[in-house]
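Novice: Here's my sequence, what's the structure:
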Amino acid sequence: MNNEEYVRYQEEQFLAYEKICRRCGVCCGSEDGDSCANLAKDNDGKFYCKEYEIRFSKEQHTLSGKTFHCVPIREIVANCGARPGCAYEKKINSRDNESI
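Specialist: Residues are numbered from 1 along each chain as shown. Got it, this is the predicted structure:
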């Protein structure tokens with residue numbers, strides 16, 4: 001795979017992972033009592049990040065002030081797992097974690 005193909009593959013994988021998300025907010029702490037300070041809920045009850053486009057570029061904080069760095073959801077899926085009910089749970093439980 002040449003560089004151009006690799007970049008295209010990465011972009012396709014990013015979009016595929018984005019498409020899976022149901023915006024439950026679990027990966028950002030919506031259910032643990034100390035969510036990311038940038039986690040918000042829209043009028044439909046779905047969660048979103050107030051700094052989504054720049055979330056990886058700086059240190060983030062939870063509501064209680066703990067600091068952390070956002071990681072791409074594909075890293076969470078590959079290394080940590082997701083909570084029951086998360087749309088990514090199916091991905092984690094599948095045998096093929098290389099592609100969607």
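Novice: Could you pull up the contacting residues of the most centrally placed residue in the chain?
Specialist: Note on the chain: the residue nearest the mean C-alpha position is residue 73, at 3.5 Å, using Cα atoms, centre = their mean. With contact taken as Cβ atoms under 8 Å, 6 or more residues apart in numbering, residue 73 is in contact with 17, 21, 27, 88. Yep, even glycine has a C-beta here, placed from its N, CA and C like the rest.
Novice: Quick one: buried ones out of those?
Specialist: 17, 27, 88 (16 or more other Cβ atoms under 10 Å).
Novice: Flag every buried residue along the lengthiest helix in the chain.
Specialist: Counting by DSSP state H, the longest helix found in the chain is helix 3-20. For helix 3-20, the neighbour count (16+ other Cβ under 10 Å) marks residue 17 as buried.
Novice: now stretch 43-53
Specialist: For stretch 43-53, burial by neighbour count (16+ other Cβ under 10 Å) applies to 47, 49.
Novice: likewise stretch 62-69?
Specialist: Applying 16+ other Cβ under 10 Å to stretch 62-69 flags residue 62 as buried.
Novice: Now the terminal residues of that stretch, how far apart.
Specialist: End-to-end distance for stretch 62-69, by Cα to Cα, to the nearest Å: 11 Å.
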